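*Asks:* missing the sequence, but the structure's below:
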């Protein structure tokens, strides 16, 4: 599914650029949730520009874009906690998640699962302009 691909892109970029301590986690989450913070990061990194363009192309609206980044911030906290803040372990978790997204999503909170479903219903189906289901 295209939406999950974009979410993976955001998460892989974040893991690659984030630090391992609690302050770095909070700073990364704040950046993902804040349009101005994201814009500053996007200006600094070609990879961030590519990821953001993918998010925007999929999202169809600023609200959906913000929601996708917000979900990525939430899931990033899960990954950081499970990996004990170790960037290599975080990368490994994401690689495993790409192979088995259902198992990865089972680790999410009920709120995160509901948010994913909600975002998926608001995103236009490619070519139709109509919302789709994830």
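*Replies:* Received it, and whenever you're ready, just let me know what you need. The structure presented is a predicted model; accordingly, all values stated were derived computationally and were not measured. Residues are numbered from 1 along each chain as shown.

*Asks:* Report the helix or strand with the lowest average pLDDT across the chain.
*Replies:* In the chain, no helix or strand scores lower on mean pLDDT, DSSP states H and E than helix 2-17, which sits at a mean of 63.

*Asks:* what about the helix or strand following it, distance to the chain center?
*Replies:* Using DSSP states H and E, the next helix or strand after helix 2-17 towards the C-terminus is helix 22-33. In terms of Cα atoms, centre = their mean, to the nearest Å, the centre of helix 22-33 is set 13 Å apart from its chain centre.

*Asks:* List the contacts of residue 61.
*Replies:* For residue 61, the contacting residues are residue 122, by Cβ atoms under 8 Å, 6 or more residues apart in numbering. Bear in mind the C-beta positions are built from the backbone N, C-alpha and C, glycine included.

*Asks:* Dihedrals phi and psi, it?
*Replies:* Per-residue torsions, residue 61: phi -160, psi 160 (degrees, to the nearest 10).
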